[in-house]
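[1] fold the following.
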Amino acid sequence: MKKILIIAGALYIGGAEKICSDIGLFAKGRYDVHYLVFGDRIGEYEAELTDAGCKIIHALPPSDGYMAYYRFLVRLMRKERYDVVHSHTMFNSGWAMLAAKRCGVPICIAHSHSALDVHMPVYKRCYEACMRQMILKNATVFAACSKKAGERLFGEAFKTRGTLIINGVQTSKFAYDDEARNRMRRELGAEDRFVIGHVGHLAEVKNQSFLIRLMPRLLEKKPNVFLILLGDGDEREKLEKLIDNLELSEYVRMLGNVLNVNEYLSAMDAFAFPSLYEGLPLSIVEVQANGLPCIISDRVPKDVFVTDLLTPLPLENEDAWINELCNARRADSSSYCIKVRQCGMDAQDFLEKVYSLYGT
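    I've put the predicted structure just below:
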């Protein structure tokens with residue numbers, strides 16, 4: 001079997017992390033897959049990957065010393081003699097591509113999962129520019145989940161040399177489940193409430209504070225509104241304080257990372273996604289497979305619009321968000337799993353494209 005090194009950075013619950021874990025999880029008997037993650041934290045996906053025969057390697061993050069990280073990669077690649085190096089760590093992929101080229105790895109894939117482009121100091125821009133050149137010179141495949149994500153990492157080169165690999169989900173897993181809906185709503189104490197949900201890492205770019213600030217006005221228009229936030233991250237404490245300051249503890253529940261997102265989606269009446277930037281958000285594919293109406297930021301790439309369930313709105317128009325959320329209704333939820341699968345956004349479609357890059 002070919003030996004694959006997937007540089008994931010982390011294997012905790014998240015969109016890009018789930019994409020990375022699926023590659024190894026479904027490759028059993030097909031490839032010998034190793035994962036490189038940064039730091040000592042054991043991610044939620046690591047146990048099932050180990051059970052599937054994958055090897056997890058923990059190392060210091062590149063930011064602790066870039067040259068030390070590069071030398072570590074060279075030692076690792078020379079020892080293991082990988083056939084493929086597949087890096088998912090955005091601009092830090094430059095080091096992986098350079099090391100792989102030096103070690104004679106035949107297939108070197110840099111994979112972009114984000115279109116995030118924020119103002120940053122000059123020295124960080126210079127670092128990105130250097131890493132981009134390193135990637136363009138040494139990678140054999142420029143992969144991205146969306147055109148914007150590709151252009152963010154590879155620049156103009158993605159238009160002529162890029163490989164678009166749209167993220168996919170296990171559509172059958174995320175199909176609407178009426179039994180799960182009733183059970184989860186009982187557990188939440190929300191049988192008679194209008195449940196608005198959100199799934200995402202608690203980070204500034206995901207903009208969960210926007211939803212919390214909308215809640216007082218939503219409650220004025222629809223008193224039975226209940227907001228649940230799935231995910232964890234650095235913004236948690238800040239968001240908890242905002243909930244307390246607005247006296248919303250009875251109406252907003254932060255549930256942290258969960259492994260049964262599919263069941264929570266079935267429990268929801270509407271989904272809200274006010275991100276400032278995105279690559280191709282996996283959660284929005286899952287939402288559509290579930291048949292859940294979704295009010296979405298107009299800053300999310302159009303690549304993810306595969307059904308009529310998405311309503312894009314500008315973040316500046318809070319009135320529109322309130323009206324659309326309050327008027328959202330499920331309709332024929334069970335049919336959308338098939339619609340998403342037919343659009344080529346099933347996990348199997350994504351995986352076969354990745355495996356075709358690896359070869360046999």
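
[2] how's the protein carved up into domains?
    Domain ranges of the chain: 2-168+346-358, 178-342, per automatic domain parsing.

[3] present the ones you listed as JSON lines; the columns should include mean neighbour count and mean pLDDT.
    Glycine gets a C-beta too; all of them are placed from N, C-alpha and C. Shown next, in JSON lines, are the domains of the chain (neighbours: other Cβ atoms under 10 Å; pLDDT from 0 to 100):
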{"stretch": "domain 2-168+346-358", "mean neighbour count": "19", "mean pLDDT": "95"}
{"stretch": "domain 178-342", "mean neighbour count": "18", "mean pLDDT": "94"}
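
[4] what does the helix ranked longest in the chain rub up against?
    In the chain, assigned by DSSP state H, the helix with the most residues is helix 122-138. Helix 122-138 has contacts (Cβ atoms under 8 Å, 6 or more residues apart in numbering) with 91-95, 97-98, 100-101, 108, 110, 142, 153-155, 157.

[5] need the contact list for the spatially closest residue to F72 that is not a sequence neighbour.
    Nearest residue to F72, sequence neighbours excluded (Cβ to Cβ, 6 or more residues apart in numbering): A59, at 5.8 Å. If a contact means Cβ under 8 Å, 6+ apart, then A59 has 36-38, 69, 72 as its contacts.

[6] what secondary structure does E247 sit in?
    coil (DSSP: H, G, I helix; E, B strand; the rest coil).

[7] quick one: the residue lying closest to G14 once chain neighbours are set aside from E278, how far?
    Nearest non-adjacent residue to G14, counting by Cβ to Cβ, 6+ apart: H201, 5.6 Å away. Counting by Cβ to Cβ, to the nearest Å, the gap between H201 and E278 amounts to 12 Å.

[8] beyond the longest helix of the chain, next helix or strand please.
    Following helix 122-138 in sequence order, the next helix or strand is strand 141-144 (DSSP states H and E).

[9] from the chain's centroid, how far away is that following strand?
    17 Å (Cα atoms, centre = their mean, to the nearest Å).

[10] pull the residues that contact that strand.
    By Cβ under 8 Å, 6+ apart, the residues outside strand 141-144 that reach it are 107-113, 135-136, 150, 153-154, 157-158, 161-165, 279, 357.

[11] how about a cut-off of 6 Å?
    Residues outside strand 141-144 that contact it (Cβ atoms under 6 Å, 6 or more residues apart in numbering) are 109, 111-112, 150, 154, 158, 161-163, 165, 357.

[12] what do you get for stretch 7-17?
    Applying Cβ under 6 Å, 6+ apart, the set of residues contacting stretch 7-17 is 20-21, 35-38, 43-46, 87-89, 96, 113, 201, 257, 282.

[13] look at it and report the distance between its end residues.
    Start to finish, the residues bounding stretch 7-17 are 10 Å apart (Cα to Cα, to the nearest Å).

[14] starting at the chain centroid, how far to that stretch?
    Remark: stretch 7-17 is offset 8 Å from the chain centroid, using Cα atoms, centre = their mean.

[15] angles on the backbone of the residue lying farthest from the centre of the chain, please.
    Distance from the C-alpha centroid of the chain, by Cα atoms, centre = their mean, peaks at E220 (33.0 Å). For E220, the backbone dihedrals (degrees, to the nearest 10) come out as phi -60, psi -40.

[16] same thing with D83?
    The phi and psi values for D83, taken as degrees, to the nearest 10, are phi -90, psi -30.

[17] against E156, how distant is it?
    30 Å.

[18] do the same with I135
    Distance from I135 to E156, counting by Cβ to Cβ: 13 Å.

[19] ok, now C145?
    18 Å.

[20] H198 against A270, yeah?
    No. Using Cβ atoms under 6 Å, H198 is not in contact with A270, being 10.1 Å away.

[21] and the strands in this structure?
    Remark: strands assigned in the chain by DSSP state E are 2-9, 31-38, 55-59, 84-87, 107-112, 141-144, 162-164, 194-199, 225-230, 252-256, 270-273, 294-297, 310-313.
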